[in-house]
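**Q** can't give you the sequence, but here's the structure:
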């Protein structure tokens, strides 16, 4: 008997490549910060993108590593800004 194929729930595949399409592209996180007048907390970004706080935080940290966004710790919160906002 063949093993069952596992699929990602609610995931779409590109017809040509067969690869799963990204539900939350990096641009969505940068746009969410930009749309918040250039400064946004992690929860505000998560709400704007429609994802969990944890996912937003991980994606924003990755975008910070690539230089797309900057962050600053303010009290117990992290505030994000678009790196090219200068």
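**A** Arrived safely, thanks for sending. Source: prediction; values computed, not measured.

**Q** Stretch 36-43: how far from the chain's middle?
**A** Centroid separation for stretch 36-43 versus its chain: 13 Å, with CA atoms, centre = their mean, to the nearest Å.

**Q** wait, is residue 84 part of a strand?
**A** No. Residue 84 is assigned helix when assessed by DSSP: H, G, I helix; E, B strand; the rest coil, not a strand.

**Q** Next, count neighbours for it.
**A** By other CB atoms under 10 Å, 11 other residues sit near residue 84. Any C-beta I mention is one placed from the backbone N, CA and C, and that applies to glycine too.

**Q** Count the neighbours of residue 42 for me.
**A** 19.

**Q** Check what pLDDT it gets.
**A** Residue 42 carries a pLDDT score of 97 in this model.

**Q** again with residue 46
**A** So residue 46 comes in at 97 (pLDDT).

**Q** Buried residues, the biggest helix by length in the chain. List them.
**A** Criterion DSSP state H: the longest helix present in the chain is helix 53-65. Across helix 53-65, burial judged by 16 or more other CB atoms under 10 Å covers 56-57, 59-60, 63.

**Q** swap in stretch 71-86?
**A** 71, 78-83.

**Q** Switch those over to CSV; also include pLDDT.
**A** What follows is these, written out as CSV (pLDDT from 0 to 100):
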residue, pLDDT
71, 97
78, 95
79, 97
80, 98
81, 97
82, 96
83, 91
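
**Q** so after the longest helix of the chain, what's the next helix or strand?
**A** strand 69-74 (DSSP states H and E).

**Q** Just the angle for that next one relative to helix 53-65, thanks.
**A** 120 degrees (axes from the mean of the first three to the mean of the last three CA atoms, to 10 degrees).
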